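Trainee: Return a 3D structure for these sequence lines:
(one chain, ligands or ions: 1)
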Amino acid sequence: MQTLPNLTTVDNKANPAIFDTNIKRRKTRPVKVGNVTIGGNYPVVVQSMINEDTLDIDGSVAAIRRLHQIGCEIVRVTVPSMAHAKVMAEIKKRLIQTYQDVPIVADVHHNGMKIALEVAKHIEKVRINPGLYVFEKPNSNRTEYTNSEFEEIGEKIRETLEPLVVSLRDQGKAMRIGVNHGSLAERMLFTYGDTPEGMVESALEFIRICESLDFRNLVISMKASRVPVMLAAYRLMAKRMDDLGMDYPLHLGVTEAGDGEYGRIKSTAGIATLLSDGIGDTIRVSLTEAPEKEIPVCYSILQALGLRKTMVEYVACPSCGRTLFNLEEVLHQVREATKHLTGLDIAVMGCIVNGPGEMADADYGYVGKTPGYISLYRGREEIKKVPETQGVEELINLIKADGRWVEP
Ligand code: SF4
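Mentor: You can find the predicted model right below:
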C-alpha cells in the first residue's frame with residue numbers, strides 16, 4: 001500500500017521568496033567577449049560550436065555565419081594545432097569582409113599554451129581546460145601526491161598560464177576556465193577525488209593565478225555528462241565564489257547529452273534547474289546533432305523561464321472530453337500563422353468552462369465556445385464568437401485591428 005507523505009505547512013510570511021515569480025539572477029561581473037557581454041545585467045547569452053575543421057576556412061566561415069544568423073551570439077571553434085590557431089586570423093578577416101564580426105571563443109586542449117597564445121591574437125576569448133592545460137600523463141603506479149609535488153605542478157601551471165593571461169588582459173579579451181568532470185587533473189583526483197569539490201578546486205587554482213595577475217575577464221564552467229554531478233558542481237562553485245567575494249559569470253552546459261528528445265530533456269534538466277536558481281549567465285546545449293539544432297533549444301529554455309523573449313509564448317490546454325475542436329490541429333494552424341509575432345502570448349483552449357480562466361495572462365485567446373463555434377479573447381475580454389472554420393483568420397484580423405500584426 002502506498003503511504004502518504006507527511007505534509008508540512010509552509011509559512012508564507014517566513015518565505016516571501018516563494019511568491020516571487022521572477023528569477024533573481026546571481027550578481028556577476030560583466031565580461032566582454034567582443035560586442036557581446038556575459039554576466040552583469042545582460043541577458044543570458046546563447047553559444048554553440050561549429051564542427052568544421054578550422055583549416056577549412058570557407059567551411060568554417062560559412063558555419064560561423066549560419067550559427068550567428070539563427071541567434072548563436074558567441075561561436076566556439078576548436079584549435080588543436082598551431083596551424084589551426086594561425087588560420088583563425090583569416091577566418092576572422094573573411095567574416096568581417098563577407099558578413100560581420102562575430103565573437104569567437106577558441107578551445108585549447110592538451111599542453112596548448114603556445115597554441116593559446118597564438119589564437120589569443122585573433123579571437124575574443126580562449127577556453128582552457130584546467131585538467132589538460134598542463135597535462136601530466138596519469139601514472140598508474142602512483143599511490144599519493146605529496147604536498148611538494150602538488151605545489152611543483154601548481155608552479156608549472158602558473159608559469160605556463162601567465163603569458164596567456166597577460167596577453168588576454170592587455171588586449172581586453174576574455175578567458176573561460178572550463179572544468180570537465182571527465183578530465184580532472186590526476187593530482188586533483190588524488191586530493192579531492194572525482195568529485196564536484198575537485199572540479200571547483202581546479203577552477204579556483206586557475207582563478208587565483210589570473211587574479212594575482214590582475215586579470216578578471218573570466219567565465220567559469222563546471223560541465224559533466226551526469227546532471228546531478230553538474231548541478232552539484234555549479235552550485236558548489238557559485239557558493240564558493242560568493243564566500244570568497246568572487247563574482248565571475250558561469251557558463252552552463254551538460255556535456256555529451258546525446259541526441260533527440262532525451263538529449264534535449266537532459267540538457268534542459270541541468271541548465272534550466274540552475275537558471276531557475278539564478279545561476280548561469282551563458283548557456284550551450286550540446287547535442288550530437290548539427291549545431292544549428294542546439295540554438296532553438298537554448299531559446300526555448302530561456303523563454304520558458306521568462307529570461308528572454310524571442311518567440312510567441314503559446315498557452316494551450318492538453319484537451320479533454322470537453323474539448324470542442326481538434327486542438328492539436330488548431331494549435332498547429334495558429335502557430336503557423338503567428339509564430340513570427342515575437343513578444344505576444346497567445347492561448348488556444350478547448351472550452352469556455354475552464355479555458356478563459358486558465359489561459360493565464362495571454363494577450364489573445366482562441367477558445368471553444370459551442371460545437372462549431374469559437375470565441376476570440378483579448379486578454380480576459382471576450383471579443384467575438386465566430387464559426388470555427390474562420391477562427392484563425394479572425395484571430396489574425398483581431399491582432400491586425402489592434403495594430404500588433406507584422407507581416408511574416
Ligand atoms: S480548457 Fe476545457 S477542454 Fe481544455 S483541458 Fe480544460 S476543461 Fe478540457
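
Trainee: pLDDT score assigned to the nearest residue to H251 once chain neighbours are set aside?
Mentor: By the measure of Cβ to Cβ, 6 or more residues apart in numbering, the closest residue to H251 outside its immediate chain neighbours is S221, 4.1 Å from it. For the C-beta atoms, the positions are set from N, CA and C on the backbone; glycine is no exception. The predicted local distance difference test score for S221 is 97.

Trainee: Spell out which helix or strand contains S221, please.
Mentor: Using DSSP states H and E, S221 falls within strand 218-223.

Trainee: In terms of secondary structure, what does the next helix or strand after that strand contact?
Mentor: Secondary structure here is assigned by DSSP H and E; on that basis, the next helix or strand after strand 218-223 toward the C-terminus is helix 227-244. Counting contacts by 3 or more Cβ pairs under 8 Å, 6 or more residues apart in numbering; DSSP states H and E, helix 227-244 packs against helix 196-212, strand 218-223, helix 260-276.

Trainee: List the residues that contact M49.
Mentor: When the contact criterion is Cβ atoms under 8 Å, 6 or more residues apart in numbering, the partners of M49 are 75-78, 107, 284, 286, 291.

Trainee: so what's the residue in the chain that the ligand sits nearest to up against?
Mentor: For the chain, the nearest residue to the ligand under the criterion Cβ to the nearest ligand atom is G350, separated by 2.6 Å. Under the criterion of Cβ under 8 Å, 6+ apart, the neighbours of G350 are 317, 319-320, 322-325, 327, 367-368.

Trainee: just to revisit the earlier point, bridged to the residue nearest to H251, which residues?
Mentor: Following DSSP bridges, S221 is listed with bridge partners G178.

Trainee: Check what contacts the strand holding S221 and list those residues.
Mentor: Where contact means Cβ under 8 Å, 6+ apart, the residues beyond strand 218-223 that reach it are 31, 38-39, 125, 174-181, 196, 199-200, 203, 207, 210, 230, 233-234, 237, 241, 248-255, 281-282.

Trainee: The same query, at a cut-off of 6 Å, please.
Mentor: When contacts are taken as Cβ atoms under 6 Å, 6 or more residues apart in numbering, the neighbours of strand 218-223 outside the stretch itself are 31, 38, 175-180, 199, 203, 210, 233-234, 237, 248-251, 253, 255.

Trainee: Check stretch 77-92 too.
Mentor: Under the contact criterion Cβ under 6 Å, 6+ apart, stretch 77-92 has outside partners 50, 54-55, 57, 60-61, 106-107, 115, 118-119, 122-123.

Trainee: Contact residues of this protein facing the ligand?
Mentor: Contact residues of the chain with respect to the ligand, defined by Cβ under 6 Å from any ligand atom, are listed as 317-320, 322-323, 349-351, 353-355, 358.

Trainee: Of those residues, which pair is most distant in space?
Mentor: Taking Cβ to Cβ, the two most distant members of the residues of the chain next to the ligand are P318 and V353; they sit 14.2 Å apart.

Trainee: higher neighbour count, these two?
Mentor: The residue with more neighbours, out of P318 and V353, is V353; 13 against 7, by other Cβ atoms under 10 Å.

Trainee: Which residue is the nearest non-sequential neighbour of the more buried one?
Mentor: Computed as Cβ to Cβ, 6+ apart, the closest residue to V353 that is not its neighbour in sequence is R322, at 5.8 Å.

Trainee: what's V165 in contact with, if anything?
Mentor: Counting by Cβ under 6 Å, 6+ apart, V165 touches 210, 213, 215.

Trainee: State the helix or strand in which it lies.
Mentor: helix 147-171.

Trainee: In strands only, show me the contacts of stretch 77-92.
Mentor: Using DSSP state E, 106-107 are the members of the contacts of stretch 77-92 that sit in strands.

Trainee: pretty sure the residue nearest to V353 belongs to a strand, no?
Mentor: No: going by DSSP: H, G, I helix; E, B strand; the rest coil, the assignment for R322 is coil, not a strand.

Trainee: For it, grab the count of nearby residues.
Mentor: Around R322 sit 13 other residues, with neighbours defined as other Cβ under 10 Å.

Trainee: Same question for the one 3 residues further on.
Mentor: F325 has 21 neighbouring residues, counting by other Cβ under 10 Å.

Trainee: correct me, but S167 touches K121?
Mentor: No: in this structure S167 lies outside contact range of K121 using Cβ atoms under 6 Å: 7.6 Å.

Trainee: which one of the two has more residues nearby?
Mentor: For S167 against K121, the residue with the higher neighbour count under other Cβ under 10 Å is S167, and the figures read 17 against 14.
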